[in-house]
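1. Model the structure of this input:
(one chain, ligands or ions: 1)
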Amino acid sequence: MGQAPVQIATAPAPARAENDSTGNTQMAFTFLQCIEEACGRKQDPGKELHQCAYCGGLLDVKYEFDITDPDALRAAWHQRRLSGEPVDRSGVWRFRELLPFVGPNDRIISLSEGSTPLVGTRRAGWWAGPVHLTIKHQGINPTGSFKDLGMTACMTRAASLGVRIVACASTGNTSSSMAAYAGRAGMKAIIFVPYRQISAAKLAQALDFGATVIEVGDTFDEAFQLLRQVASEMDLYLVNSINPFRIEGQKTIVAEMMEQRAWRPPDYIVVPGGNLGNASAIGKGLRELKEMGFIEKVPKVVVVQAAGANPFFRTIQSGSRELIPVDKPDTEATAIRIGCPANWKKARRVLEWTGGLCESVTDEEIFEAKAALAEDGVGCEPASAATVAGIRKLVRAGKIERHADIIAVLTGHQLKDTDYVIRHRSAAEDSRQRLRVDANPEALRKALEAVLAVPA
Ligand code: F0G
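-> A predicted model of the protein is given here:
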C-alpha cells in the first residue's frame with residue numbers, strides 16, 4: 001500500500017433499479033485489489049486482469065458496499081424466491097446486491113444455478129462424530145457441481161467485456177460448467193485437461209456442450225501452467241478460479257445457506273480442497289456478510305484434502321509461509337488431484353480469518369465416508385465425501401467438538417464418477433446386490449426367495 005497513485009475505475013451504476021425498494025441505496029463501487037500484503041494495490045476492474053499488474057499476486061474483487069439495512073435486503077431476497085423472473089430464480093443472482101459489479105445493461109448468463117438443498121443426515125452425522133451434520137448439496141446444480149455458481153458470475157463478466165473465447169484447465173467439473181455457460185453465451189470454449197485423468201462423465205459433458213477438449217500433460221497442474229503460458233498471447237479469456245469473478249459467484253453459497261438456516265451460522269463449514277477457490281470464496285462471503293451485519297458469528301472454515309494431493313495441508317501443518325507443492329498428486333478423487341493450488345494464499349487467509357482447520361484423508365477414508373453418506377440416501381462424487389471423512393478424523397482428534405453444528409459442502413453429483421463406484425464393488429457386494437438371473441419364472445422365484453430371506 002501507499003505506493004504509486006491508485007487508479008480506481010468505478011462500476012458505473014447500481015446493480016438493478018428495483019433494489020431501491022430494499023431501502024439500501026446500492027451505489028457500490030467496484031475495484032480489484034492485490035491480496036499481497038507487500039503490494040495491496042487497487043486496480044481498474046474494467047481491465048481484463050486476473051493477477052496484479054504490479055506484482056502478479058492474486059486479486060480480490062472489492063466493493064464499497066452501501067448496504068445500511070440488512071433486514072430490508074434479507075426480506076427482498078426472500079421475496080424474490082416467489083418471483084418467476086430467471087434472475088430471481090437463480091440462487092446466485094437472487095443475491096445480486098452482493099455482486100454489484102454487474103451493470104444494469106449487462107446480459108446475465110445464467111442457467112438457474114444455486115438454490116440447492118440443505119439436507120439433514122442421521123447415520124452420516126453419527127458415523128462422523130456424532131455431530132449435527134447437514135449437507136449443502138452442490139451436485140444439484142445445472143451441470144452437477146458447485147462450479148456453476150462461479151461460472152455464471154464469471155461468464156456474465158466475460159460477456160460484458162465482449163469476450164469471444166473462454167478457456168480453462170480442469171479436473172473435469174470446471175470444464176463441464178464452462179462448456180455449458182459458454183454455449184449459453186454463444187462463446188467458443190477451449191478446455192485443457194490432463195491426459196486420461198478426468199472422469200468419463202465430465203469429459204462427455206464438455207463434449208456434449210460443444211467444447212474443444214485439449215488433453216495435455218499428466219496432471220492438472222501441468223495443463224494449467226501450459227494454459228497460463230499461452231492464454232494471453234492467444235487471446236483466451238481464463239475462467240479458472242484465479243479469475244476473481246469466479247470467486248464472486250461462488251461466495252453466494254454462504255448467503256443462501258444462512259438464509260436457509262434463518263441466518264443462524266453453523267459452527268463449521270467444511271469443503272474439499274483442490275485449487276482452493278471454493279474455500280476462498282466461502283471465506284470472502286462470510287467476511288462480507290459479517291462486515292455488513294447479516295451474521296454475528298463466523299463459522300470456522302475447514303478444508304479437507306486427499307492424502308495423495310495435500311499440498312495445502314502440508315503447508316498449514318508445517319507453518320511454512322511458502323507453499324509445499326506435491327509433485328505427483330495421486331488420489332482416486334480425481335476432482336481434487338492437484339499438487340500446486342493457485343488460490344492457496346487466499347485459502348490460508350480464510351483459515352486465519354475464521355480460525356479454520358485443514359485435514360488430510362486417505363482414499364480409503366473417503367470411500368468409507370461416501371458409503372456412510374449413501375446410507376442416508378445422499379450420493380456424491382468421491383472428492384465431496386472427503387469432507388465427511390475429514391470431519392470424522394477431526395472429531396476423533398478432538399479438534400472438532402462432538403455434537404458440533406456442521407455444514408459439509410458436497411461439491412459434485414454422484415453420477416459424475418460412476419466408474420469409481422463400479423470399480424469399488426467387492427465380489428461379496430456384487431453377489432448380494434447384482435444378480436444375473438435366467439429368463440424364466442422358476443429361476444426368478446428362486447433368486448427372489450434368496451433375496452427376501454435377508455432382512456432389510
Ligand atoms: N470438489 C469437486 C467435485 C471439484 O470438482 C473440485 C475442483 C473441488 C472439490 C475443489 O474445489 O478447486 O475450489 O478447491 N475442481 C476443479 C475443476 C479443480 O477443474 O473442476 P477447489
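
2. And the helices in the stretch 101-250 of the chain?
-> 123-128, 147-160, 173-185, 200-208, 220-231, 244-260 (DSSP state H, counting those that start in this stretch).

3. Beyond the last one, next helix or strand please.
-> Using DSSP states H and E, the helix or strand that follows helix 244-260 in sequence is strand 268-272.

4. what's the next secondary structure element after that following strand?
-> Following strand 268-272 in sequence order, the next helix or strand is helix 277-291 (DSSP H and E).

5. how about the CA coordinates for that next one, as PDB?
-> Only the C-alpha atoms of helix 277-291 are listed here, as PDB (Å, rounded to 0.1, in the frame of the first residue of the first chain):
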ATOM      1  CA  GLY A 277     -11.100 -21.400  -5.000                       C
ATOM      2  CA  ASN A 278     -14.100 -22.700  -3.100                       C
ATOM      3  CA  ALA A 279     -12.600 -22.200   0.400                       C
ATOM      4  CA  SER A 280     -11.500 -18.800  -0.700                       C
ATOM      5  CA  ALA A 281     -15.000 -17.900  -1.900                       C
ATOM      6  CA  ILE A 282     -16.800 -19.100   1.200                       C
ATOM      7  CA  GLY A 283     -14.400 -17.200   3.400                       C
ATOM      8  CA  LYS A 284     -14.900 -14.000   1.400                       C
ATOM      9  CA  GLY A 285     -18.700 -14.400   1.500                       C
ATOM     10  CA  LEU A 286     -18.600 -14.900   5.300                       C
ATOM     11  CA  ARG A 287     -16.400 -11.900   5.800                       C
ATOM     12  CA  GLU A 288     -18.700  -9.600   3.800                       C
ATOM     13  CA  LEU A 289     -21.800 -10.900   5.500                       C
ATOM     14  CA  LYS A 290     -20.200 -10.300   8.900                       C
ATOM     15  CA  GLU A 291     -19.000  -6.800   8.000                       C
END
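
6. and that helix, how far out from the chain's middle?
-> Chain-centre distance of helix 277-291: 12 Å, with Cα atoms, centre = their mean, to the nearest Å.

7. Give me the helices and strands touching that helix, please.
-> When contacts are defined as 3 or more Cβ pairs under 8 Å, 6 or more residues apart in numbering; DSSP states H and E, helix 277-291 packs onto helix 244-260, strand 268-272, strand 300-306, helix 344-354. C-beta: built from backbone N, CA, C; applies to glycine.

8. Tabulate these (CSV), appending mean pLDDT, mean neighbour count and distance to the ligand.
-> CSV is the format used below for these (pLDDT from 0 to 100; neighbours: other Cβ atoms under 10 Å; distance: least, Cβ to the nearest ligand atom, whole Å):
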stretch, mean pLDDT, mean neighbour count, distance to the ligand
helix 244-260, 98, 26, 8
strand 268-272, 99, 29, 4
strand 300-306, 99, 28, 8
helix 344-354, 98, 21, 8
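
9. Quick check: which of those is nearest to Glu288?
-> In terms of Cβ to Cβ, the element of those nearest to Glu288 is helix 244-260, at 7.2 Å.

10. That closest one relative to strand 300-306, how many degrees between them?
-> Put simply, helix 244-260 runs at 120 degrees to strand 300-306, going by axes from the mean of the first three to the mean of the last three Cα atoms, to 10 degrees.

11. The closest residue to His132 other than its chain neighbours and Pro194, how far apart?
-> Distances taken as Cβ to Cβ, 6 or more residues apart in numbering place Asp405 nearest to His132, at 4.8 Å, with adjacent residues excluded. Asp405 sits 38 Å away from Pro194, going by Cβ to Cβ, to the nearest Å.

12. the more surrounded of the two?
-> Set side by side, Asp405 and Pro194 show more neighbours around Pro194, with 22 against 16, by other Cβ atoms under 10 Å.

13. what sits against that one?
-> Thr171, Glu215, Val216, Gly217, Asp218, Thr219, Phe220, Glu222, Ala223 (Cβ atoms under 8 Å, 6 or more residues apart in numbering).

14. do Val302 as well
-> Val302 touches 268-271, 356-359, 387, 390-391, 394, 400, counting by Cβ under 8 Å, 6+ apart.

15. Now it: closest residue in space that isn't a chain neighbour?
-> Per Cβ to Cβ, 6+ apart, closest to Val302 is Val270, 4.3 Å.

16. first vs last residue of stretch 194-205, how far apart are they?
-> 16 Å (Cα to Cα, to the nearest Å).

17. Could you tell me how far it lies from the centre of the chain?
-> Centroid separation between stretch 194-205 and its chain, computed with Cα atoms, centre = their mean, is 18 Å.

18. partner strands of the helix or strand where Lys62 lies, parallel or antiparallel?
-> Here Lys62 sits within strand 59-64, counting by DSSP H and E. Here strand 59-64 has these sheet partners by DSSP bridges: strand 29-34 (antiparallel).

19. pretty sure His132 is touching Ala124, no?
-> No. With contacts defined as Cβ atoms under 8 Å, His132 does not count as touching Ala124, sitting 11.1 Å away.

20. Between those two, point out the one with more neighbours.
-> Ala124 (28 against 15).

21. residues contacting that one?
-> Leu133, Ile135, Ala369, Ala372, Leu373, Glu375, Asp376, Val378, Val388.

22. Equivalent analysis for Val350, please.
-> So Val350 contacts Ala279, Ser280, Ile282, Gly283, Lys284, Val301, Gly356 (Cβ under 8 Å, 6+ apart).

23. who does the worst-scoring helix or strand of the chain on mean pLDDT touch, helix- and strand-wise?
-> One helix or strand of the chain scores below all others by mean pLDDT, DSSP states H and E: helix 427-433, with a mean of 88. Helices and strands touching helix 427-433, as assessed by 3+ Cβ pairs under 8 Å, 6+ apart, are absent.

24. Would you mind extracting the C-alpha trace of that helix into CSV?
-> Extracted C-alpha coordinates of helix 427-433, given in CSV (Å, rounded to 0.1, in the frame of the first residue of the first chain):
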residue,chain,number,x,y,z
ALA,A,427,-17.2,-59.6,-5.2
ALA,A,428,-19.3,-60.2,-2.0
GLU,A,429,-21.3,-57.0,-2.6
ASP,A,430,-21.9,-57.9,-6.2
SER,A,431,-23.1,-61.4,-5.3
ARG,A,432,-25.6,-59.8,-2.9
GLN,A,433,-26.7,-56.9,-5.0
